[in-house]
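Visitor: Could you work out the structure for the sequence below:
(one chain, ligands or ions: 1)
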Amino acid sequence: MKAREIPFMSHASHTRRDFVSGLTTGMGLLLGGCTRTTPETGATPDAGPADVTLRIGPVLVDIAKDHTISTIGYNGSVPGPLIRMREGVPVTVDLFNDTDAPELVHWHGQIIPADVDGAAEEQSLVVPANGHLRYRLTPQPAGARWVHSHVMAMSDLHRGTYTGQFGFVYVEPKSQPGSYDQEIFLATHEWEPFYTTAEEGEEMDAEQKARMAAQKKDEKPNGWEIGYQRFTINGKCLGFGEPVRVKEGQRVLFHFLNASATENIQLALPGHMFQVVALDGNPVPRPQAVEVLDLGTAERIDAVVEMKNPGVWILGTPKDDDRRDGMGIVVEYADKTGQPRWIKPAKKVWDYTLFGDNRAAPAPDEVVPLVIGKINGGTGGFNQWTINGKVYDDKAEPRILHKGKRYRLAFDNQTDDAHPVHLHRNNFELTNVHGKATGGVVKDVVTLKGFKKIDADFTPVMDGLVLFHCHQQLHMDYGFKLLFKVT
Ligand SMILES: [Cu+2]
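Guide: Numbering: from 1, shown residues only. Model (predicted):
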């Protein structure tokens, strides 16, 4: 069976125009092999149409009334088309780049060879400026994955994950789990980034506050942070797009993706609970109902919501300013009208271990300490980020890991920022979160809160270069990376 590339047909908030552009996408797919004459960059030449085609190019996104964002996206829409693949079934991928800058297309959360993973540090194939790249990959594992640009943006807030280059990838399992009446894919993203010196305070406990107070002495002041003017779900500000239309009694499976460049967010749907069934696309041992979801940059959550509170509601961020600036979407029951309602949820601390079980983790073959540090940039400068005391050095030899051995990544965040750290081409299992043992929660991003420790175990199965980094673009760009080599 072939992988399909389809528009967001199942998603209520897509307008007719989006749907039409989705159809255009489908035609691009058929014509893909003959619309460009630029040379192949490498990989597997293969006659005939590709199974998946992504065309990188300028796109205008109407995020609100009289408010259009000019950015770079995939196939003329933001988010890009929902790409469905089947676990273990190889696909041919065509990447066209209609921009003047080389691009990297990263298949986030998939266990695939380094050359097609889409990261410069892993020496992946590049999509040349105004050029074309074709290769094959075998999608795995099943679950909610995604695709996004992996270029360094540095000080340019119109590159990398600041743009509209992101889209859902759903790798269909060999057998379908769970029952639901409707499936909705929702991706959050912020627009119109700007530099600010205002630091966004994370919620902190007494221990975190004490450590922060101790650390603030004798330091340069904090460097640039990023703020945003506008917030969207599936490219629309709250109230502008079509609502998610539901019926009383339905079980709706939501696939949430935080496609931000730099923001960790929360989402709530007043009057309803989220039954969390998978994190980063991987089923959790103990599905649990929660009122508020926490999503660090690049994290995904699959949650089932039972629609049993008829009305018109706002699914959105508990942060009033950000919701006012667009971070939300209306959920509308059939035959219900009126102003969408918002009720502030109770404050709850997000806890990954809620979804884990009590199994004891096998002892690792080796512990890899990863101590996170920060060098303040001072006013008008960029902060730098260190792992084990060093900013990323592309001349340094990668750290060698061996296939089949169990490694424990021992994260020790010695900064006050929360870091959504990501390991490429592998999944890891959380084994200890803030001193509490857990098991069975398998992820590819984990958000390290300020001054906290998390252990995550993994066993590399595929050789080659493996990039580890913070998924906060500004942190990644300024040092927060480490390269492994699996042999
Ligand atoms: Cu970070």
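Visitor: ok, now how distant is the closest residue to residue 301 other than its chain neighbours from residue 231?
Guide: With C-beta to C-beta, 6 or more residues apart in numbering as the criterion, residue 301 has its nearest non-adjacent residue at 4.7 Å, and that residue is residue 256. For glycine as for every other residue, the C-beta is placed from the backbone atoms N, C-alpha and C. To residue 231, residue 256 is 14 Å away according to C-beta to C-beta, to the nearest Å.
Visitor: who has more neighbours, the two?
Guide: residue 231 (27 against 24; other C-beta atoms under 10 Å).
Visitor: so how many other residues sit close to the closest residue in space to residue 204 that isn't next to it in sequence?
Guide: What sits nearest to residue 204 in space, not counting adjacent residues and going by C-beta to C-beta, 6+ apart, is residue 450, at 6.5 Å. Using other C-beta under 10 Å, residue 450 is surrounded by 21 other residues.
Visitor: And residue 84, by the same measure?
Guide: Neighbour count of residue 84, defined by other C-beta under 10 Å: 16.
Visitor: Bridge partners for it, pull those for me.
Guide: residue 4, residue 170 (DSSP bridges).
Visitor: Local confidence estimate at it?
Guide: pLDDT for residue 84: 97.
Visitor: from memory it sits against residue 172, does it?
Guide: Yes: between residue 84 and residue 172 there is a contact under C-beta atoms under 8 Å: 6.1 Å.
Visitor: what touches both of those two?
Guide: Listed as contacting both residue 84 and residue 172 by C-beta atoms under 8 Å, 6 or more residues apart in numbering is no residue at all.
Visitor: what's the span of stretch 86-102, first residue to last?
Guide: One end of stretch 86-102 sits 29 Å from the other (C-alpha to C-alpha, to the nearest Å).
Visitor: for stretch 431-440, same thing?
Guide: Across stretch 431-440, first to last residue, C-alpha to C-alpha, it's 8 Å.
Visitor: what's the helix or strand for the residue nearest to residue 204?
Guide: For residue 450, there is no host helix or strand (DSSP states H and E).
Visitor: I'd say it and residue 207 touch.
Guide: No: with contacts counted by C-beta under 8 Å, residue 450 stays clear of residue 207, the gap being 10.1 Å.
Visitor: Please, which helix or strand holds the residue of the stretch 251-400 of the chain found nearest the ion?
Guide: The ion sits closest to residue 385 of the stretch 251-400 of the chain, with a gap of 6.5 Å, by C-beta to the ion. Assessed by DSSP H and E, residue 385 sits inside strand 384-387.
Visitor: So what's the gap between the helix or strand that that strand is followed by and the chain middle?
Guide: Counting by DSSP H and E, the next helix or strand C-terminal to strand 384-387 is strand 399-401. Mean C-alpha position of strand 399-401 versus that of the full chain (C-alpha atoms, centre = their mean, to the nearest Å) differs by 26 Å.
Visitor: and for the helix or strand following strand 399-401, what are the contacting residues?
Guide: Of the helices and strands lying after strand 399-401 in sequence (DSSP H and E), the nearest is strand 407-413. Under the contact criterion C-beta under 8 Å, 6+ apart, strand 407-413 has outside partners 364-372, 401, 419, 421, 423, 428, 431, 446, 448-460, 468.
Visitor: returning to what we had before: list the buried residues for the strand holding residue 385?
Guide: Neighbour counts over strand 384-387 (16 or more other C-beta atoms under 10 Å) mark 384-387 as buried.
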